[in-house]
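Undergrad: Structure for the following, please:
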Amino acid sequence: MSIQGIHHITLVSANAQRTLDFYTGVLGQRLLKQTVNFDDPGSYHLYFGNQRGEPASLITFFEWARAPRGHWGIGGTHHFALAVETRAGLLKWKRRLADLGLAVEGPLDRHYFTSIYFNDPDGVIIEIATRGPGWAVDESPDAIGTAFRAPPADMLVRNRDEARITAETWPEPVPEITPDMALGAGMHHITAIGADIGQTDAFFGELLGMRRLKMTANFDDPNSAHWYWGVGDGQPGTIITYFERNPSTTRRAQIGTGQTHHYALAVADEATQLEWREKLLEAGKRVSPVMDRIYFKSIYTSDPDGHIVEIATAGPGFASDEPLEALGHKLMLPPWLEQHRDQIEGVLTPLELHS
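TA: Below you'll find the predicted structure:
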């Protein structure tokens, strides 16, 4: 009975077409599924990811056109990160995004990886992070996460050299996504915000059995904690990180456009999911019944600060109701909503797909 890693992150969008254009046209993600929010069938639920629609590559959106603007804070997500193999690929992303008119911050040295940051059209903070050098640069591989590791002082100085950082980019335009830029591996990590890093550690480490990978400080705010948890050796796609913030000076998160609704961790199958449900209930956590999401089964709980955390099965996957090669081409509804298709399609604005 173990957590396999990240399954997906679900955010809120104000405009499904704009979100589709950005994630497919700019970031090169595949539209895997056009469906609706099963709990709110008058609104889209879009799934993006790699070509195979694998867990840990999945970014999903509820379209809530009338929702207020969300914001990060305690009990919410700060950003999510996608993985790129090399620094050269990262610099190509910086050039491509900047040439498309996006404001890009970085590259910044995070010691364990190098990152750039930018925003999607709703203001979601997106990071692209290199896969290495990894967690063992300042601790032996068998001892990662066992002692506090302060950010190196020289690295903090380099990250304040704004002129150098701004100047560092790929020298040529990058009109197409090249193979070394591919984001097909999906997530690098998800970063959320909590009020007590010890309680967060008890939730992910003790209760969920994830491995603590690193105890360090926020490199942009070295007086605050930043801890990482993951699976196995802490490979990208399994990593959850939290900033610790003082609730007397940091607001609570607000779900809305540009903010995460929830993120999901993956388990192998329904039997394992039921075991997790019983364990969470025995620990005194509030847990939903099992929900049928067609492409996976879900239960929902929350971290100590109230952030919704889903535990989702790895399958049956997105090809359970349409061929793999045809994913995302048309609106798919669960059987219990099929009888309402005409009404639902009358409410939704048809999407213009890209070839």
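Undergrad: elements contacting the helix or strand hosting Thr35?
TA: Using DSSP states H and E, the element containing Thr35 is strand 30-37. Using 3 or more C-beta pairs under 8 Å, 6 or more residues apart in numbering; DSSP states H and E, the elements in contact with strand 30-37 are strand 40-49. Where you see a C-beta, it was placed from the backbone N, CA and C, and this is true even at glycine.
Undergrad: what is the orientation angle of the strand it packs on with strand 30-37?
TA: Regarding strand 40-49 and strand 30-37, their directions subtend 160 degrees when assessed with axes from the mean of the first three to the mean of the last three C-alpha atoms, to 10 degrees.
Undergrad: Please state the offset of strand 40-49 from the chain centre?
TA: 16 Å (C-alpha atoms, centre = their mean, to the nearest Å).
Undergrad: Convert it to PDB, retaining C-alpha atoms only.
TA: The C-alpha coordinates for strand 40-49 follow below in PDB (Å, rounded to 0.1, in the frame of the first residue of the first chain):
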ATOM      1  CA  ASP A  40     -21.200  20.700 -12.200                       C
ATOM      2  CA  PRO A  41     -22.100  19.400 -15.700                       C
ATOM      3  CA  GLY A  42     -22.800  22.900 -17.100                       C
ATOM      4  CA  SER A  43     -19.000  23.600 -17.200                       C
ATOM      5  CA  TYR A  44     -16.100  22.100 -19.000                       C
ATOM      6  CA  HIS A  45     -13.500  19.900 -17.500                       C
ATOM      7  CA  LEU A  46     -10.400  19.700 -19.800                       C
ATOM      8  CA  TYR A  47      -7.500  17.300 -19.300                       C
ATOM      9  CA  PHE A  48      -4.000  18.000 -20.800                       C
ATOM     10  CA  GLY A  49      -0.900  15.800 -20.600                       C
END
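Undergrad: now for whatever helix or strand comes next after it, which elements pack on it?
TA: Remark: after strand 40-49, the chain's next helix or strand is strand 58-63, criterion DSSP H and E. In terms of contacts (3+ C-beta pairs under 8 Å, 6+ apart), strand 58-63 is packed against strand 5-13, helix 16-20, strand 40-49.
Undergrad: Direction included, what does strand 58-63 pair against?
TA: Strand 58-63 sits in its sheet next to strand 5-13 (parallel), strand 40-49 (antiparallel), going by DSSP bridges.
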